[in-house]
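> build me a structure from this.
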Amino acid sequence: ALSMSAALLVGQTLAAAIVALMYAGGQYLEGFAEKRARRDMTALLARVPRTAVRHHDHALEEVPLEQVAPGDRLLVRQGDVVPVDGTVAAGVAVLDQSALTGESLPVQHQAGEAVMSGSTNVGDAFDLTASAPADESTYAGIVRLVEAAQHSRAPMARMADRYAILFLAVTVALAGGAWGLTGDPIRAVAVLVVATPCPLILAVPVAIVAGLSRAAKLGILIKGGKAIEALAAVRALVLDKTGTLTRGEARIVATQVAEGLTEDEVLRVAASLDQASKHIIGQTLVAAARARGLKLAVPSEVVETAGEGLIGRVDGHSVAVGGFHFVAGKVGMAGLRQLSRDRQPGAIGVAVAIDGEAAGVIILADALRTGTEQLLHALRALGIERIVLATGDRRDVARFVSMGLSIDSVRSELTPDQKILVVLAERKNGPVMMIGDGVNDAPALAAADLGVAMGAKGAAASAEAADVVLLVDELDRILPAVRIARRSRFIAWE
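Purely as a prediction, here's the structure:
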């Protein structure tokens, strides 16, 4: 602004125009990159239900969410997000709470048990008695935490901004000296125009935008120049567990079978019967069997007990598949106890009985991503000095998952606001990067110096709150992201 004004005052309009063009070009490049990043993001409130289905006068009516009051009886359909906090009034609620608590496997709630808004119904429809209005429910509270964290986060100082004032002072002194020595104001203007910080207003944005574009080709969405500079400077890492350190979905990790049977045969029989069920665990078994190329039979005479298991006939045999207590009621507990040994924390077991005899137990768990330890070592080689696991999952599950990994600290059973405190506590070790994917991670992502969201399967809230979004479900993409950020910063320094 000083060089443009001085050039205009002495009639050097071309010089003023060139400076203006450089400045506007740099601003446009950065603005273009940030707008493109924002356009690819979903809104924070996209996942929030707008309406609820309410029982009224022996009929169902769809009402705006703000009209729901404590005591109202609501119908939560399969696939719906629970709109408000409440208790299960009728039926069995099978909920995916991973976005809220980090619990990767579906949780079953019986009538009278409390459920949280923001959970997803992955089972059959059930009735819910509202215990709080929408604006006082769990999900709304997390949204408010995100907004508060974004407003309270210390602004990142741009590399160019840190030196611009010093540069200006030196330039003005040189221009004044040139004018004083020659007595010609044109000399002072010449110094101002020549010294116009082209690297600060044009070359730095070009380097930053090049880095953003290169990262985008690898499925890494970096939201602007501030984010890429912060990514290059991080020294501490806070990791979520479910969906980040792990895959965030149930997978078969072991199968224990009775003598005379094979793992594939037990899985084939169980998956054949589970074709008749919409339960998420049953569908997981069906998908696993098909992935192994097993030929599934058509079940018959199927009777399902909601949330517990099902019985039927497969290839002429009587088969029972479900929870331990359900199957034990058909074959007794003794045989199942023998098969259900050495189950890891956080895993669930699906019992299988054939013709009244215990046939096997299929163990499902949220498996650790492959190559995780190598990834952590590579991050340390890039200058990450401290790595912390912060999860809402149970202590024993967190300890088991982190066993053998080079993690400095494990924090478990955390609420969203407690995750913010973990991030703030790590700032003493340098700029903090937080990686997460769930709604419960969004406040911590917003509070961190740099938030990274797993955008492929993660919640819209975390993607919106984060500064960097990994558009593919691969945690190791953070390595090229850091390398690109550091290379871009190095070029900007040059």
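
> state the mean pLDDT of the longest helix seen in the chain.
The longest helix of the chain (DSSP state H) is helix 13-39. Mean pLDDT, computed over helix 13-39, is 75.

> go on, stretch 124-144?
79.

> and for stretch 81-97?
Across stretch 81-97, the average pLDDT comes to 86.

> re the thing from before, next SSE after the longest helix of the chain?
strand 51-56 (DSSP states H and E).

> from the rest of the structure, what touches that following strand?
60-65, 68, 72-77, 83-84, 127 (Cβ atoms under 8 Å, 6 or more residues apart in numbering). All C-beta atoms are positioned from the backbone trio N, CA, C, and that covers glycine.

> now, which of those residues lie within helices?
Among those, no member lies in helices (by DSSP H).

> out of the residues you listed, who's nearest Gln256?
Closest approach between the contacts of strand 51-56 and Gln256, by Cβ to Cβ: Val76, at 35.2 Å.

> so that closest one is in contact with Phe126, correct?
Yes: with contact defined as Cβ atoms under 8 Å, Val76 counts as touching Phe126 (5.7 Å).

> and the residue nearest the centre of the chain?
With distances taken as Cα atoms, centre = their mean, Asp437 lies nearest the centre of the chain, 0.9 Å away.

> may I see the buried residues of stretch 365-378?
By 16 or more other Cβ atoms under 10 Å, the buried positions in stretch 365-378 come out as Ala365, Asp366, Ala367, Leu368, Arg369, Thr372, Leu375, Leu376, Ala378.

> measure the second one to Leu239 for me?
Taking Cβ to Cβ, to the nearest Å as the measure, Asp366 and Leu239 are separated by 14 Å.

> contact partners for the residue nearest to Ala365 when sequence neighbours are not counted?
Spatial nearest neighbour of Ala365, excluding adjacent residues (Cβ to Cβ, 6 or more residues apart in numbering): Ala347 at 3.8 Å. Residues in contact with Ala347 (Cβ under 8 Å, 6+ apart) are Val253, Ile363, Leu364, Ala365.

> Ala347 and Leu379, how far apart?
Counting by Cβ to Cβ, the gap from Ala347 to Leu379 is 28 Å.

> doesn't Gly123 make contact with Gly307?
Yes: assessed by Cβ under 8 Å, Gly307 is found in contact with Gly123 at 6.3 Å.

> between the two, which contacts overlap?
Here Gly307 and Gly123 have Val92, Val94, Gln108, His279 as joint contacts, going by Cβ under 8 Å, 6+ apart.

> assumed the third one was part of a helix.
No: if the criterion is DSSP: H, G, I helix; E, B strand; the rest coil, then Gln108 is strand and not within a helix.

> so who does it touch?
Neighbouring residues of Gln108 by Cβ under 8 Å, 6+ apart: Val92, Ala93, Val94, Leu95, Gly123, Gly307.

> before we move on, back to that, got the buried residues of stretch 365-378 as a markdown table, with distance to Ala270 columns?
Listed next are the buried residues of stretch 365-378 as a markdown table, based on distance: Cβ to Cβ, whole Å:
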| residue | distance to Ala270 |
| --- | --- |
| Ala365 | 17 |
| Asp366 | 20 |
| Ala367 | 19 |
| Leu368 | 25 |
| Arg369 | 26 |
| Thr372 | 30 |
| Leu375 | 34 |
| Leu376 | 36 |
| Ala378 | 39 |
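
> re earlier: closest one of the contacts of strand 51-56 to Met454?
Among these, and counting by Cβ to Cβ, the member closest to Met454 is Pro83, at 25.1 Å.

> I figured Ala114 hits Thr87, correct?
Yes: between Ala114 and Thr87 there is a contact at 5.3 Å, judged by Cβ under 8 Å.

> quick one: which of the two has more around it?
It is Thr87, of Ala114 and Thr87, that has more neighbours when counted by other Cβ atoms under 10 Å, with 16 against 11.

> which strand or helix spans that one?
Secondary structure assigned from DSSP H and E places Thr87 in strand 86-90.

> what residues does that strand touch?
Strand 86-90 is contacted from outside by 73-74, 109-115, 126-132, using Cβ under 8 Å, 6+ apart.

> do that again at 7 Å, thanks
Outside strand 86-90, the residues that touch it by Cβ atoms under 7 Å, 6 or more residues apart in numbering are 73, 109-115, 126-131.

> partners of it, with directions?
Looking at strand 86-90 with DSSP bridges, its partner strands are strand 114-115 (antiparallel), strand 126-130 (antiparallel).

> pLDDT of the shortest one, averaged?
In this model, strand 114-115 has a mean pLDDT of 88.

> from now on call the first residue 18
From this message on, residue numbering opens at 18, which makes the last subject strand 131-132.

> what's downstream of that strand, the next helix or strand?
strand 137-138.

> and that following strand, average pLDDT?
Strand 137-138 carries an average pLDDT of 84.

> check stretch 455-470 too.
The pLDDT scores in stretch 455-470 average 85.

> repeat for stretch 480-488
Stretch 480-488 comes out at a mean pLDDT of 79.

> what about that stretch, how long is it end to end?
10 Å (Cα to Cα, to the nearest Å).

> for it, the distance to its chain's centre please.
With Cα atoms, centre = their mean, to the nearest Å as the basis, stretch 480-488 stands 8 Å off its chain's centre.

> give the buried residues for it.
Ala480, Glu481, Ala482, Ala483, Asp484, Val485, Val486, Leu487, Leu488.

> any residues touching the host helix or strand of Phe507, and which ones?
Using DSSP H and E, Phe507 falls within helix 495-510. Helix 495-510 has contacts (Cβ under 7 Å, 6+ apart) with 176, 221, 224-225, 227-228, 231-232, 235, 237, 245-246, 248-249, 392, 395, 399, 452, 469, 485, 487.

> now with 8 Å?
Helix 495-510 has contacts (Cβ under 8 Å, 6+ apart) with 176-177, 216, 220-221, 224-225, 227-228, 231-232, 235, 237, 239, 245-246, 248-251, 392, 395-396, 399, 452, 469, 485, 487.

> hmm, which of those are the buried ones?
176-177, 220-221, 224-225, 227-228, 231-232, 237, 239, 245-246, 248-251, 392, 395-396, 452, 469, 485, 487.
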